[in-house]
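>>> can you look at this prediction? I've put the sequence above it.
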Amino acid sequence: MEQKIKQDICIGANIRRARQAKKLGQTELAGLLQLEGVSMTREALVKIERGAQHIQASQLRAIKNALGVTYDQLLEP
């Protein structure tokens, strides 16, 4: 069973910040996630970045890997 993480901190904003720092568009990041074996659409990524959708632990791991950041960077308040 896949665990979901409730966004009680600014995970979405941290993802957006890290993505923009790498100069990646949302579509590009979604494509990199596909290479990590995680199916995510651009629309789902938009919702996660806005905090409107919960993020799964596997998605968070794939985003961390694709962006080359640490969990601490994604989970900082």
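Everything's here; your move. Numbers count the residues shown, from 1 in each chain.

>>> buried residues in the strand or helix carrying Ala18?
With the criterion set as DSSP states H and E, the secondary-structure element containing Ala18 is helix 11-21. Within helix 11-21, the residues that qualify as buried by neighbour count (16 or more other C-beta atoms under 10 Å) are Ile11, Gly12, Asn14, Ile15, Arg16, Arg17, Ala18, Arg19. C-betas here are computed from N, CA, C, even on glycine.

>>> in this protein, which residue is most central in space?
In the chain, the C-alpha nearest the mean C-alpha coordinate belongs to Ile63, at 4.5 Å (C-alpha atoms, centre = their mean).

>>> would you check that that residue makes contact with Leu75?
No. The pair Ile63 / Leu75 is not scored as a contact, 11.5 Å apart, by C-beta atoms under 8 Å.

>>> please tell me how far Gln56 sits from Leu75.
Summarising the geometry, the distance separating Gln56 from Leu75, computed by C-beta to C-beta, to the nearest Å, is 15 Å.
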